[in-house]
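Student: Test case, fold it:
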Amino acid sequence: MDKCEFASCEIKFLGHLVSENQVHMEPKKVQAIVDWQAPSGVKKLRSFFGLANYYRKFIAGYLKRATPLTDLLKRNVKWVWSDSCGKAFYALKKAIASEPILKLPDFDLPFKLHTDASDYTVGGVLVQEDHPVHKPGRENQVVDALSRKEVFPASYALTRIESDFLDTIKLCAVNNP
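Tutor: Predicted structure coming up:
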């Protein structure tokens, strides 16, 4: 019974703090990311991503921000820590440190799905009353057709969202060429 909590307003669960209607990152883990030194090699960068990727669902545009760093992890790429890598590293840390919160869904309210795509990533943010509920995203193969760039992120995001949401979603595509 020492691992049980009863009548709690908030519980720790798998690196998250869960309360009545929201989920946020565990402060100790966030602090570990904030304190992380810039990596000096592939092994240290992979370690950073091991922790940071766990919280990517909290960060809109996570993969877009991480692209200069993930490029360093590709095969046959020489390790060169550039200014863009440093900016991406600190931008990810700052985004995680801002401690974004995901709202737990209320199935009596409508959902909106905002989607976006770049040449490198696709993603979406499922919102309810302007509060994020879920932020799916993935690396993209280079998309050359504009129409596919607009449709693919919606298709991808909808496949990542539980079917329970699908009756009440309004789709909002971002088109900033």
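Student: The closest residue to Val18 other than its chain neighbours - how many residues pack around it?
Tutor: Nearest residue to Val18 in three dimensions, chain neighbours excluded: Ile11, at 5.5 Å (CB to CB, 6 or more residues apart in numbering). For every residue, glycine as well, the C-beta is placed using N, CA and C. Neighbours of Ile11 under the rule other CB atoms under 10 Å: 10.
Student: So for Ile11, what's the pLDDT?
Tutor: What the model reports as pLDDT for Ile11 is 74.
Student: That one belongs to a strand, doesn't it?
Tutor: Yes: according to DSSP: H, G, I helix; E, B strand; the rest coil, Ile11 belongs to a strand.
Student: That one contacts Cys4, correct?
Tutor: No: the pair Ile11 / Cys4 is not scored as a contact, 10.0 Å apart, by CB atoms under 8 Å.
Student: how about the residue nearest to Val18, what does it touch?
Tutor: 5, 17-18 (CB atoms under 8 Å, 6 or more residues apart in numbering).
Student: just Leu51 next, same as before
Tutor: 29, 32-33, 36.
Student: again with Ile96
Tutor: 25, 30, 33-34, 52, 55, 58-59 are the contacts of Ile96 under CB under 8 Å, 6+ apart.
Student: May I see the buried residues of stretch 5-16?
Tutor: Residues of stretch 5-16 classed as buried by neighbour count (16 or more other CB atoms under 10 Å): His16.
Student: what does stretch 84-102 give?
Tutor: Under the neighbour-count criterion of 16+ other CB under 10 Å, stretch 84-102 has 85, 88-89, 91-93, 95-96, 100, 102 buried.
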